[in-house]
Structure formats: structure tokens, C-alpha cells
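Undergrad: Here is my input, please return the structure:
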Amino acid sequence: MVEIDDETLLAGIAAGSERAFEQFLLRHVDSIHGYTLRLTGSRDDADELTQETFLRVWQRAGSYQPGRVQVTTWLHTIAHHLCVDRWRKPAAEPHEDTDHVPDPAPGPAGELERSRLAARLDEALARLPLDQKAALLLVEVRGLSLRDVAVVLGGTLEAAESRLARARRALRSVLEAP
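TA: Predicted coordinates:
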């Protein structure tokens, strides 16, 4: 079976191919959901934002310009803009996402320490400004280049580098604290 590249799938989506959309969705949904989840900290918001991201892909696949940016950069830009829009809107009802509460069940010492570190990391990430958190997640978790991060965040390469450096410093200070 020959794997179809993302640009060909987007062309198919633009032409109305549900099969191309399904393949594209299956290929990228986990990555986009993970990104929106880490950025928002809410499973419900991440579910909605992921769905909206792929709705926009269906509606705007024809606007993708091959060679301008990578498909994954274009896709993360859509998701990022939706996250920023969600962040700017006041929440109707504050809610606490309990999906990130560490499991209190006792376990091996190593697992407990890993769980504590993960909780500290989640807390530190939640405190970062959205642009710094996005830069860090796009580089460290999604593997995008700083040039692609600049495109996603809508700024310069220098601004992306600065956001990433500030995010790393903030995380380092939190994680190095006793």
C-alpha cells in the first residue's frame, strides 16, 4: 500500500474527497489533540478545538499553498489560532479539569517521583504565557523548527527564539526548585 503525502491529501480534501479527509484526520488527529490539550489544559476544550481544527481543514484545504510552509505547520497554525481565540474569550463557567490530577495510589518510588515531576511540569506549563507555552510545545513536543514556530505564532524567528528561551528558563527554575 502506497502512503499518500499530506499535500496530495489536502488537494483531495479541497476537491471534496471524504476518503482523503479521513486519511488526513487519522494521520494528524492525535498530534493536534495533544497540542491543544497541553495548551489549554482541558480535555473538553481540546476535544472541541481539535474538532474545530479539522472542520477548518475541510473548509479551507484549498487555501493551503504547497511550498510556502509544511502541512504540519499550516495545521498547527490553525489549531493555535483557535486556542488563542478560546483563551481570549471569557469562560462561561469556570471548570477544573481533573484529568491532570496525579493518581494518589501508592506505587514504586520511581513512579511516584515521575508522577510528582509530571505534576510540577504541568503546573509550570499552566503558568506560562500562552505564546511561551505554545513555542515550547511546538518545538519540544511536536518537533517543529523555530522557523515553523514563527509562522504558527505569527511572528519573527527572533521572537520565536525569545519565547522558547523564556519558556525554558521559567520551566528550569520551577523544576530545579526544591
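
Undergrad: Need the residue closest to the centroid of this structure.
TA: By Cα atoms, centre = their mean, the mean C-alpha position of the chain lies nearest to Tyr35, the distance being 2.0 Å.

Undergrad: quick one: buried residues of stretch 29-46?
TA: Of the residues in stretch 29-46, 31-33, 35-42, 45-46 count as buried by neighbour count, 16 or more other Cβ atoms under 10 Å. Yep, even glycine has a C-beta here, placed from its N, CA and C like the rest.

Undergrad: Sorry, wrong one. I was asking about stretch 134-151.
TA: For stretch 134-151, the neighbour count (16+ other Cβ under 10 Å) marks 134-139, 142, 144, 146, 148-151 as buried.

Undergrad: got the domain boundaries for the chain?
TA: The record's domain parsing of the chain by automatic domain parsing lists 1-90, 108-178.

Undergrad: Save those as CSV, and put in mean pLDDT too.
TA: What follows is these, written out as CSV (pLDDT from 0 to 100):
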stretch, mean pLDDT
domain 1-90, 91
domain 108-178, 83
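
Undergrad: what's the lengthiest helix in the chain packed up against?
TA: In terms of residue count, the longest helix belonging to the chain (DSSP state H) is helix 18-40. Packing partners of helix 18-40 (3 or more Cβ pairs under 8 Å, 6 or more residues apart in numbering; DSSP states H and E): helix 6-14, helix 43-60, helix 71-88, helix 130-136.

Undergrad: Please list the outside residues in contact with the shortest one.
TA: Spelled out, that is helix 130-136. Residues outside helix 130-136 that contact it (Cβ atoms under 8 Å, 6 or more residues apart in numbering) are 38-39, 80, 83-84, 87, 125, 128, 149, 152-153, 160, 163-164, 166-168, 170-171.

Undergrad: Just the buried subset of those residues, please.
TA: Judged by 16+ other Cβ under 10 Å, buried ones among these: 38-39, 80, 83, 125, 128, 149, 152-153, 160, 163-164, 166-167, 170-171.

Undergrad: nearest spatial neighbour of Thr156, skipping sequence neighbours?
TA: Once flanking residues are discounted, Thr156 sits nearest to Ala150: 5.9 Å by Cβ to Cβ, 6 or more residues apart in numbering.

Undergrad: what helix or strand is that neighbour on?
TA: helix 146-153 (DSSP states H and E).

Undergrad: C-terminal to that helix, what's the next element?
TA: Next element after helix 146-153 (DSSP H and E): helix 157-176.

Undergrad: contact partners of that following helix?
TA: By Cβ under 8 Å, 6+ apart, the residues outside helix 157-176 that reach it are 117, 120-121, 123-125, 127-128, 131-136, 139, 146-147, 149-150, 153, 155.
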